[in-house]
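*Asks:* show me how the following folds:
(chains A, B, C and D, ligands or ions: 4)
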2 protein chains.
Amino acid sequence: MSFTATEENYIKAIYHLQQRLGKAGTTVLAEAMQTRPATVTDMLKKLEAKKLLHYRRYKGFSLTESGNRLALLIIRKHRLWEYFLVHKLGFNWDEVHYMAEELEHISSRELITRLDQFLGKPAFDPHGDPIPDGKGRLKTIRQMNLMTLPLKKILVVQSVRNQSADMLELLNHYHIGIGTKLKVLRRFAFDGSAEIKVDKQPITIISNQVAQNVYCCI
Amino acid sequence: MSFTATEENYIKAIYHLQQRLGKAGTTVLAEAMQTRPATVTDMLKKLEAKKLLHYRRYKGFSLTESGNRLALLIIRKHRLWEYFLVHKLGFNWDEVHYMAEELEHISSRELITRLDQFLGKPAFDPHGDPIPDGKGRLKTIRQMNLMTLPLKKILVVQSVRNQSADMLELLNHYHIGIGTKLKVLRRFAFDGSAEIKVDKQPITIISNQVAQNVYCCI
DNA sequence: ACATATTTTTAGATTAGTCTAAATTTTATG
DNA sequence: CATAAAATTTAGACTAATCTAAAAATATGT
Ligand SMILES: [Mn+2]
Ligand SMILES: [Mn+2]
Ligand SMILES: [Mn+2]
Ligand SMILES: [Mn+2]
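*Replies:* Ligands and ions are numbered 1, 2, ... in the order given. Predicted coordinates for the structure are as follows:
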C-alpha cells in the first residue's frame, strides 16, 4: 500500500496529538493541519478505508497498528533527514524543519536504511527528539524541564519541547543548544523566571516559558 | 512562483526532447510522460499561463527563458542527488534514478547549494551526464560512441546514452562503467558488433546497440 | 433535564491532473 | 489539389484534496 504526502502528514499529526493530548478530535486535528474540520472528516474516512485509523462518526478515531507503524516510519525519516541537514550539510537546528517536512515523504525504504548507516545510526535528532530505529523503537532519556530540576547542579540540555522558529531563535541568543551544560542558580516566585549560568556565558535570566520548555538530565 | 512536481516533470521532459529531437510535439511528449495527448494539451495551457512555455495551438510549443532555467535547475537537482546516492550512500548507478526522480522536487535552493558544496561541486553525475552549475551552465566533453572511435586506442568511458535498467545491467555484466578504460579491437560489418578489451577483463564482443550507446574520449 | 453551546458531519462546489471519445486542424499522398 | 491520415484540441467526466454553509449529534451548565 502506498500513501500520498497529505495522508502521511495527517497520520503523523494524529500520532503527535495522541502522544501529547492522549487523544485527538476533529477540531484540534484541523488546527494542527491548518485546515477545516470538514476537510478532516473527509480525510478520516479515507484513512479508515486504508486501514490506518479506527473511526466511528461523532465518537472519535485512533491509529490502528499499521497507522502507528506508518507514523513512526515518517517520524524516523523526518528526524534522520534533519540529522543529515545539520551534521552533514551544516544547517542550523532552526533551519531544517521545513526541508525535512518534504524529505520525509521520499518513498524508498532502502534510501532510509542507507542514510541511517551513513549517519552512524543516530538515536536523537538535532532538537533532542528520539529517532525511531528500523523497527520503530524509540530510545528514551530521563529528562525534566528547568522548573523541576535541582538548583546549582550541572545540567545537560537534552531536548526542547516547543520547537517554533521563535523559540529556537531565542535559545540561540542564550547560546543554549542540545548538549549545552548549564546551572539553574535561583528561581523567582513572582513570574517563574530563573537565573541561569550557561557554560562560558555570563549569568542571565530566562522567562518561565523558556524554562518550562528546556529539558535536561543531571 | 512555485511549481508542482507534475509541472516540473513536464518541463524537464520538454527540455530533454528539445535537446534530443530539436523540437517536440504533443504526441511524443505524451509518450515521454506516459500519458495521453489530451492530458498534455491541458498541461501545455497551464505551463503557458505560468510563462514557462511559448504555445500556439496546433502549431507547437517551446520553453521560454524561464522554462529553460527551471529545466536546468531540476536537472541539476536530479544529478546532484544521484551523485550523493552513489558516492555517499553507496548505491549502484542502476538503482538511483527513481529516487532522484522524487528528490529533484525538494524545493529548497539553499539545500541544493549546500549539497553541491558537500559533494565537492561535481561536474558529472554517475552516468557521465553533466551537472548544471548554480547558473545553469553545463560542462561538455568531446566524446564519441564506440562505433565512431579509432581501433586499438585506449578509450575512457565518459557516459552512456540509453540509461534503461536493462542497459545498465548489461554494462555491469561487461564491467563497463564511467571511467572504465577499454579498447575496440575490431568491428564486424555483418551486424555492427565490436570486439573489445575491457581493462582486466577477457576479450568479448558487444552488440551494435551497446556500442552505439557507450561514449568515450581518447 | 433540557436549552444552549460545541463539535462533528453532510451537502454541494472548486481545482489539479487525469481519462475517453469526438471534433478540428495540419500534413501527406494519389 | 482533394482527400485520407495523423496530430492536436475540445467536451465531458472522474478522483483527491480542499472550501463554505447548513444540519446533526454530543456535551454542558444552571
Ligand atoms: Mn510532511
Ligand atoms: Mn526535530
Ligand atoms: Mn520527477
Ligand atoms: Mn543520471
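*Asks:* what's the pLDDT at the residue positioned nearest the centre of chain A?
*Replies:* Closest to where the C-alpha atoms of chain A average out (Cα atoms, centre = their mean) is residue A:129, at 5.6 Å. For residue A:129, the pLDDT comes out at 97.
*Asks:* isn't it right next to residue A:78, touching?
*Replies:* No. Applying Cβ atoms under 8 Å as the test, residue A:129 and residue A:78 come out as separate, 9.2 Å apart. For glycine as for every other residue, the C-beta is placed from the backbone atoms N, C-alpha and C.
*Asks:* how many neighbouring residues does residue A:61 have?
*Replies:* By the criterion of other Cβ atoms under 10 Å in any protein chain shown, residue A:61 has 25 neighbours.
*Asks:* where's it, which helix or strand?
*Replies:* Assigned by DSSP states H and E, residue A:61 belongs to strand A:60-63.
*Asks:* and chain A, which of its residues are near ligand 2?
*Replies:* Within reach of ligand 2 by Cβ under 5 Å from the ion, chain A has these residues: A:82, A:125, A:127, A:129.
*Asks:* and residue A:83, how many neighbours?
*Replies:* Neighbour tally, residue A:83, other Cβ under 10 Å: 22.
*Asks:* quick check: it touching residue A:131?
*Replies:* Yes. Assessed by Cβ under 8 Å, residue A:83 is found in contact with residue A:131 at 7.1 Å.
*Asks:* need the residues touching each of the two.
*Replies:* A:122, A:125 (Cβ atoms under 8 Å, 6 or more residues apart in numbering or on different chains).
*Asks:* report the buried residues of the host helix or strand of residue A:216.
*Replies:* Assessed by DSSP H and E, residue A:216 sits inside strand A:214-217. Neighbour-count burial for strand A:214-217, with 16 or more other Cβ atoms under 10 Å in any protein chain shown as criterion, is recorded at A:214-216.
*Asks:* swap in stretch A:1-21?
*Replies:* Neighbour-count burial for stretch A:1-21, with 16+ other Cβ under 10 Å as criterion, is recorded at A:3, A:7-15, A:17-18.
*Asks:* and what of stretch A:165-181?
*Replies:* For stretch A:165-181, the neighbour count (16+ other Cβ under 10 Å) marks A:167-168, A:170-171, A:174, A:176-178, A:180 as buried.
*Asks:* with stretch A:120-135 instead?
*Replies:* Using 16+ other Cβ under 10 Å as the test for burial, stretch A:120-135 gives A:122, A:124-132.
*Asks:* and that stretch, is it in reach of chain B?
*Replies:* No. Contact of stretch A:120-135 with chain B (Cβ under 8 Å from any Cβ of the partner chain) is absent, the minimum separation being 13.1 Å.
*Asks:* now do that stretch: distance from first to last residue.
*Replies:* This stretch, stretch A:120-135, spans 16 Å end to end (Cα to Cα, to the nearest Å).
*Asks:* how many residues are close by residue A:95?
*Replies:* For residue A:95, the neighbour count with other Cβ under 10 Å is 19.
*Asks:* any idea which helix or strand carries it?
*Replies:* Per DSSP H and E: residue A:95 is located in neither a helix nor a strand.
*Asks:* show me the contacts for it.
*Replies:* Under the criterion of Cβ under 8 Å, 6+ apart, the neighbours of residue A:95 are A:85, B:110.
*Asks:* state the distance from it to residue B:189.
*Replies:* 62 Å (Cβ to Cβ, to the nearest Å).
*Asks:* where is the longest helix in chain A?
*Replies:* Assignment by DSSP state H gives helix A:65-87 as the longest helix of chain A.
*Asks:* could you break chain A into its assigned domains?
*Replies:* Chain A breaks down into these domains under automatic domain parsing: A:5-63, A:76-139, A:143-217.
*Asks:* pLDDT on the first one, on average?
*Replies:* To tie it back to what came earlier, the one meant is domain A:5-63. In this model, domain A:5-63 has an average pLDDT of 96.
*Asks:* and stretch A:161-173, by the same measure?
*Replies:* Mean pLDDT, stretch A:161-173: 95.
*Asks:* centre of the chain versus that stretch, how much separation?
*Replies:* Centroid separation between stretch A:161-173 and its chain, computed with Cα atoms, centre = their mean, to the nearest Å, is 13 Å.
*Asks:* near chain B, which residues of chain A?
*Replies:* Residues of chain A lying near chain B (Cβ under 8 Å from any Cβ): A:85, A:88-91, A:95, A:98-99, A:102-103, A:106-108, A:110-111, A:114-115, A:117-118.
*Asks:* go through those residues and flag which are in helices.
*Replies:* Counting by DSSP H, the residues of chain A next to chain B place A:85, A:98-99, A:102-103, A:110-111, A:114-115, A:117-118 in helices.
*Asks:* for PyMOL, what selects the buried ones among those residues?
*Replies:* Selection of buried members from those for PyMOL, criterion 16+ other Cβ under 10 Å:
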select buried, chain A and resi 85+99+102+103+111+114+115
